[in-house]
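# Need a 3D model of the following:
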Amino acid sequence: MPIVTSFIGHKRWSFGRFDNLPEHIGLVTGASDAQSGSASHQALLHRVRRGVHFVVAAAIVWVVILVIAGILFSDQTAVARFERAGPYIAAMTLVAFAANHLLRFARWQWMLVRLGARVPTMASLAIFMAGLGLLPTPGKVGVAARSLLLMRHGVPIRMSLAAYFAERLFDLAGLLLLAAIFYRGPLSDGLTALAAAGVACIALIARYPDRFVHALRRLVSRWPKFLMVVNATAGLLRAARRLISLPQALIFVLLGMVANVVVGLLVWAVLGDLSASASVQTGIGAVAVAHLTGSASMAPGGLGGFEVALMLDLEHTGVKREDALIVVTCARMVTLWGGAIVGLPLLLSGLRRDRLERTTAA
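I've put the predicted structure just below:
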């Protein structure tokens, strides 16, 4: 089965459930790195079209909920504050979006170089952003599309998936550290201990990947589907070995932390423009916990979990609900919807170019 079809060819998409994840991962990492044929390409285009429809529908629902919440929670004073600070807030959000994604792209490009890939910077940036176009979709269609587009530059599927796997691992470690350092909410004591344990586990996995995989194989040997997940993880760990080794792994983690700190600074700055009192520590800690909550919810793009966690944390510190709503909107434009707005046209353009090249070659 061609690898791209293996990655996105399931008829059923899982909305945060792991019922078909073992087959999903096993097929991806177990397939060959051969160039995909026209059938897999057509399957990808079909899934991308479905993904685009899902993103548009999710965006409409998100905006409708936002408008309803704004009507329910806002008053004339809040509207006046937003009208006064609106241009500054929009400018800060745009700057934060650019800084956040440039930092993430710099890390991504460096990881590809470490793995031996040589992709021109501007082409790599376009592909990186294209992969974010379908971030709010189930099934990780954007990841598959990014891998397909990178194949045109000689990057094998296994290599791009290893980079994506390492990227997620670095982000998790960075968010846990930021939460442990900056978060001072109602669950801060327990979260600090959990974050320390999580970072220690990630460090041990990175330092002793073979022992970790061997222990997991013994643990799940009676369950074939879980064993497939472990074998898939082992393949990704082997492929990403040059990324998760010291000292460069620490730099990759730090780059992700700085990118998330940018979003935290945006939260703090927007609250300041709205005349709401909050510390820098509050902004960074709340963003870290919101990301972790969104990831734990397993919803596409962390939809719902991120927003609720950030709203509750800000309200807990005394921020008015209407101001928290504006902050959440800005944060999500940086972490989710901005990437979709920029990435979708780049993704569709890249796939169209890829299809024309295939047609010409045929």
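
# just checking, Val213 touches Gly235?
No. Counting by CB atoms under 8 Å, Val213 sits too far from Gly235 to count as a contact (9.5 Å). Where you see a C-beta, it was placed from the backbone N, CA and C, and this is true even at glycine.

# how far away is Leu72 from Val253?
40 Å (CB to CB, to the nearest Å).

# Flag the shaky bits of the stretch 51-200 of the chain, pLDDT-wise.
Residue ranges of the stretch 51-200 of the chain with pLDDT under 70: 73-79, 81-82, 85, 139, 187-189.

# rerun at 80
51-53, 66-67, 69-86, 138-142, 185-196, 198 (pLDDT under 80).

# Now do the helices in it.
76-114, 121-132, 141-151, 157-182, 188-207 (DSSP state H, counting those that start in this stretch).

# The stretch 201-350 of the chain now?
Secondary structure of the stretch 201-350 of the chain (DSSP H, counting those that start in this stretch): helices located at 209-219, 224-239, 248-273, 280-297, 305-316, 321-332, 338-361.

# who wins for proximity to Leu102 among those helices?
helix 248-273 (8.7 Å; CB to CB).

# thinking again about what came up before, mind giving me TSV with the helices of the stretch 201-350 of the chain and columns for mean neighbour count, mean pLDDT and distance to Ala98?
What follows is the helices of the stretch 201-350 of the chain, written out as TSV (neighbours: other CB atoms under 10 Å; pLDDT from 0 to 100; distance: least, CB to CB, whole Å):
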stretch	mean neighbour count	mean pLDDT	distance to Ala98
helix 209-219	14	83	35
helix 224-239	18	80	30
helix 248-273	21	93	9
helix 280-297	23	91	17
helix 305-316	21	90	20
helix 321-332	22	90	14
helix 338-361	16	81	9
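
# Quick one: the ones you listed as a markdown table, columns for distance to Leu66 too.
Shown next, in a markdown table, are those (distance: least, CB to CB, whole Å):
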| stretch | distance to Leu66 |
| --- | --- |
| helix 209-219 | 42 |
| helix 224-239 | 36 |
| helix 248-273 | 15 |
| helix 280-297 | 16 |
| helix 305-316 | 9 |
| helix 321-332 | 6 |
| helix 338-361 | 15 |
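
# how about those, which one is nearest Trp110?
Short answer: helix 248-273, nearest of the helices of the stretch 201-350 of the chain by CB to CB, at 7.5 Å.

# Would you mind pulling up the elements that the closest one packs against?
Counting contacts by 3 or more CB pairs under 8 Å, 6 or more residues apart in numbering; DSSP states H and E, helix 248-273 packs against helix 76-114, helix 157-182, helix 280-297, helix 305-316, helix 321-332.

# any chance of the ones you listed in TSV, with distance to Val56 too?
Below are the helices and strands packed on helix 248-273 laid out as TSV (distance: least, CB to CB, whole Å):
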stretch	distance to Val56
helix 76-114	20
helix 157-182	24
helix 280-297	20
helix 305-316	19
helix 321-332	16
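
# between those, which one is nearest to Gly51?
helix 157-182 (16.5 Å).

# could you check the angle helix 76-114 makes with that closest one?
Our comparison of helix 157-182 with helix 76-114, counting by axes from the mean of the first three to the mean of the last three CA atoms, to 10 degrees, yields an angle of 130 degrees.

# what comes up buried for helix 157-182?
157-167, 169-180, 182 (16 or more other CB atoms under 10 Å).

# Kindly report the same for stretch 62-71.
Buried positions in stretch 62-71, judged by neighbour count with 16+ other CB under 10 Å: 62, 66, 69-70.

# Which residues are in contact with Phe170?
107, 249, 252-253, 255-256 (CB atoms under 8 Å, 6 or more residues apart in numbering).

# same thing with Ile202?
Ile202 neighbours (CB under 8 Å, 6+ apart): 169, 172-173, 176.

# want to throw the residues you listed into CSV with distance to Trp268?
Conversion of those to CSV gives the following (distance: CB to CB, whole Å):
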residue, distance to Trp268
Leu169, 28
Leu172, 23
Ala173, 23
Leu176, 21
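
# now, which of these sits nearest Arg218?
Nearest to Arg218, judged by CB to CB, of those is Leu169 at 22.4 Å.

# I'd guessed that closest one sits against Ile244; true?
Yes. Contact criterion CB under 8 Å: Leu169 and Ile244 qualify, at 6.8 Å.

# residues shared between the contacts of those two?
By CB under 8 Å, 6+ apart, Leu169 and Ile244 have these common neighbours: Ala206.

# What distance do you get for Ala130 to Asp273?
Taken as CB to CB, the span from Ala130 to Asp273 is 32 Å.

# no, scratch that, I was asking about Ala179
25 Å.

# what do you get for Ser295?
As judged by CB to CB, Ser295 and Asp273 stand 29 Å apart.

# about what we covered before: out of the helices of the stretch 201-350 of the chain, which comes closest to Arg114?
Across those, closest to Arg114 is helix 248-273 (CB to CB), at 6.6 Å.

# what's the angle from that closest one to helix 188-207?
Angle, helix 248-273 to helix 188-207, by the same axes, to 10 degrees: 150 degrees.
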